[in-house]
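[1] coords please:
(chains A and B)
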Amino acid sequence: DAGITQSPRHKVTETGTPVTLRCHQTENHRYMYWYRQDPGHGLRLIHYSYGVKDTDKGEVSDGYSVSRSKTEDFLLTLESATSSQTSVYFCAISESGLSAFFGQGTRLTVV
Amino acid sequence: KQEVTQIPAALSVPEGENLVLNCSFTDSAIYNLQWFRQDPGKGLTSLLLIQSSQREQTSGRLNASLDKSSGRSTLYIAASQPGDSATYLCAVPQGSYIPTFGRGTSLIVHP
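    The predicted structure is shown next:
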């Protein structure tokens, strides 16, 4: 299995608080992605990175920011969590976009 | 924008049947197509990766075909088993390196 770890695996937070999810890889892959998965919507891309300090928005980026200061870490931040951000968040990695590998997911509940 | 559609959305079959899951995409200028499996509450596991130059890939009882010109891929599962019960997702690149997903086919194989 590809070395990709998400933390935390589960989190409950209150509306309006900041939340940071971490994705860590040991594969030295260039590309990293954050998706959210919701019933009826499937997997939707939030942000992605194509190198250190190189990031771009996906289709559902509003309310989220990301940072990648090292190849191995990709952080997703919810600046002020809302109930609509309750979801399962997945990190994925890829080298040259040929084959993607996924983390186990973070289940986030905003109350 | 790449759009991916999977049919059927859900499938329930008795053990032993041969199955066909369909994936269609709108932009045929793709480098590859990837099939994943997702068990409830888990991350995505890669099953098969088909490069654009290939017509099909096989792994055990699974066979995936790719027809770029028609924008279609098929995942064939032979002699289905209860352990095959899961959601199956296909992904194709948006551009050259951003995986875009269908909503998946939820499969139940009952004994």
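
[2] mind checking how far residue B:9 is from chain A?
    Distance check for residue B:9 against chain A: by Cβ to the nearest Cβ, to the nearest Å, it reads 10 Å. Glycine gets a C-beta too; all of them are placed from N, C-alpha and C.

[3] Can you name the residues that contact the residue in chain B positioned nearest to chain A?
    Proximity to chain A, evaluated over chain B using Cβ to the nearest Cβ, is greatest for residue B:97 at 2.6 Å. Listed by Cβ atoms under 8 Å, 6 or more residues apart in numbering or on different chains, the contact partners of residue B:97 are A:31, A:50, A:94, A:96-97.

[4] got it, and residue B:14?
    Under the criterion of Cβ under 8 Å, 6+ apart, the contact list for residue B:14 reads B:109-111.

[5] and after the lowest-mean-pLDDT helix or strand in chain B, which helix or strand comes next?
    Lowest by mean pLDDT, DSSP states H and E among the helices and strands of chain B is strand B:98-101, with a mean of 90. Counting by DSSP states H and E, the next helix or strand C-terminal to strand B:98-101 is strand B:105-110.

[6] Show me what that following strand packs onto, helices and strands only.
    For strand B:105-110, the elements it packs on are strand B:10-14, strand B:19-25, strand B:86-94, judged by 3 or more Cβ pairs under 8 Å, 6 or more residues apart in numbering or on different chains; DSSP states H and E.

[7] okay, these, which one's buried deepest?
    Looking across those with neighbours counted as mean count of other Cβ atoms under 10 Å in any protein chain shown, the highest average goes to strand B:86-94: a mean of 24.

[8] Who are the packing partners of that one?
    In terms of contacts (3+ Cβ pairs under 8 Å, 6+ apart), strand B:86-94 is packed against strand B:4-7, strand B:19-25, strand B:32-38, strand B:72-77, strand B:98-101, strand B:105-110.

[9] what would these look like in CSV with distance to residue A:106?
    Output for the helices and strands packed on strand B:86-94, formatted as CSV (distance: least, Cβ to Cβ, whole Å):
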stretch, distance to residue A:106
strand B:4-7, 24
strand B:19-25, 27
strand B:32-38, 15
strand B:72-77, 28
strand B:98-101, 18
strand B:105-110, 22
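
[10] Just after the strand or helix carrying residue B:48, pick out the following helix or strand.
    Counting by DSSP H and E, the element that carries residue B:48 is strand B:44-51. Following strand B:44-51 in sequence order, the next helix or strand is strand B:56-59 (DSSP H and E).
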